[in-house]
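S.K.: Have a look at this prediction, sequence included:
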Amino acid sequence: MTDNVRTDSGAAPGEVVIRIENLQKAFDDNVVLRDINLEVRRGEVVVVLGPSGSGKSTMLRCINLLEQPTGGRIYFEDAEITAKKVNINEIRARVGMVFQNFNLFPHLTAKRNVMLAQQKVLKRSKEEAARIAEARLSEVGLADRMDYKPSQLSGGQQQRVAIARALAMDPHVMLFDEATSALDPELVRDVLAVMKDLAQGGMTMIVVTHEMGFARDVADRVILMDGGVIVEEGTPDQVFDNPQHERTKDFLGHIS
């Protein structure tokens with residue numbers, strides 16, 4: 001792994017990259033998100049905590065429009081992405097997302113998995129896609145596994161391929177949705193190390209996780225969600241050491 005991960009971005013330092021205004025999401029009568037308001041600045045690492053069913057993953061999926069919000073607005077680099085005629089593919093190309101499940105093509109090597117979206121979405125040549133795939137896989141510590149298929153890789157290695165695939169698209173923001181929760185405990189460390197490298201390199205990140213150590217060590221800001229609302233937010237020290245809300249105290253008490 002290396003520390004010189006690419007973090008190209010079109011935003012100026014400290015500029016608001018993502019702005020969420022009064023976001024709401026309902027599935028029929030089930031209201032999952034209620035009036036979410038959030039700003040994320042370039043280079044900031046925001047960690048989202050909360051119990052299952054609190055709306056964390058749905059919020060992430062709304063940010064890159066995998067879910068269409070029921071109400072409210074989302075802005076990405078000053079453009080309203082919830083507008084009717086937005087180019088969804090263009091937005092997704094700039095917002096990388098890593099899921100709990102790796103979603104790799106089983107018949108393709110790690111390198112080909114990382115090349116594919118570059119060629120299909122960004123229209124890069126095979127040669128350029130291959131060069132970038134090799135660089136990104138090296139950055140996540142898989143220089144010696146490029147020609148392996150997913151079945152030949154551990155879960156942690158597969159997740160690192162998924163991260164390399166997202167990085168190969170030169171995203172301005174990375175979203176991580178429980179990226180380590182499907183991994184055996186001994187495999188979590190390597191994936192978290194890649195995520196820490198990204199944070200230290202200045203990548204803007206929103207991370208949904210139950211990894212409290214990562215949240216404390218890496219986050220600029222921690223958010224606790226419950227019942228589809230943001231219950232509390234602040235620095236890691238504020239949230240972990242001096243929580244203001246009883247729901248936060250209860251949640252942290254159950255996981256400590």
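M.R.: Received, thanks.
S.K.: Compute the mean per-residue pLDDT across stretch 97-105, please.
M.R.: Here stretch 97-105 scores 92 as its mean pLDDT.
S.K.: Mind telling me what element residue 89 is part of?
M.R.: helix 88-94 (DSSP states H and E).
S.K.: hey, which helix is longest across this protein?
M.R.: helix 185-200 (DSSP state H).
S.K.: In it, which of the residues would be classed as buried?
M.R.: Residues of helix 185-200 classed as buried: 187-188, 190-192, 194-199 (neighbour count, 16 or more other C-beta atoms under 10 Å). Heads up, the C-betas are built off the backbone N, CA and C, glycines and all.
S.K.: Identify the farthest-apart pair in these.
M.R.: 187 and 199 (19.5 Å; C-beta to C-beta).
S.K.: is it true that residue 209 touches residue 179?
M.R.: Yes - between residue 209 and residue 179 there is a contact under C-beta atoms under 8 Å: 7.2 Å.
S.K.: Of these two, which one has the most company?
M.R.: Between residue 209 and residue 179, residue 179 has the larger neighbour count (other C-beta atoms under 10 Å), namely 28 against 22.
S.K.: So the more buried one is in contact with residue 100, correct?
M.R.: Yes - using C-beta under 8 Å, residue 179 is in contact with residue 100, at 6.8 Å.
S.K.: What's the first helix or strand after the lowest-mean-pLDDT helix or strand in the chain?
M.R.: Among the helices and strands of the chain, helix 88-94 carries the lowest confidence by mean pLDDT, DSSP states H and E, at a mean of 84. Next helix or strand after helix 88-94 toward the C-terminus (DSSP H and E): strand 95-98.
S.K.: That following strand - contacts with which helices or strands?
M.R.: helix 155-167, strand 173-177 (3 or more C-beta pairs under 8 Å, 6 or more residues apart in numbering; DSSP states H and E).
S.K.: Packing partners of the shortest one?
M.R.: In this case it means strand 173-177. Counting by 3+ C-beta pairs under 8 Å, 6+ apart, the elements that strand 173-177 packs against turn out to be helix 56-63, strand 95-98, strand 204-208.
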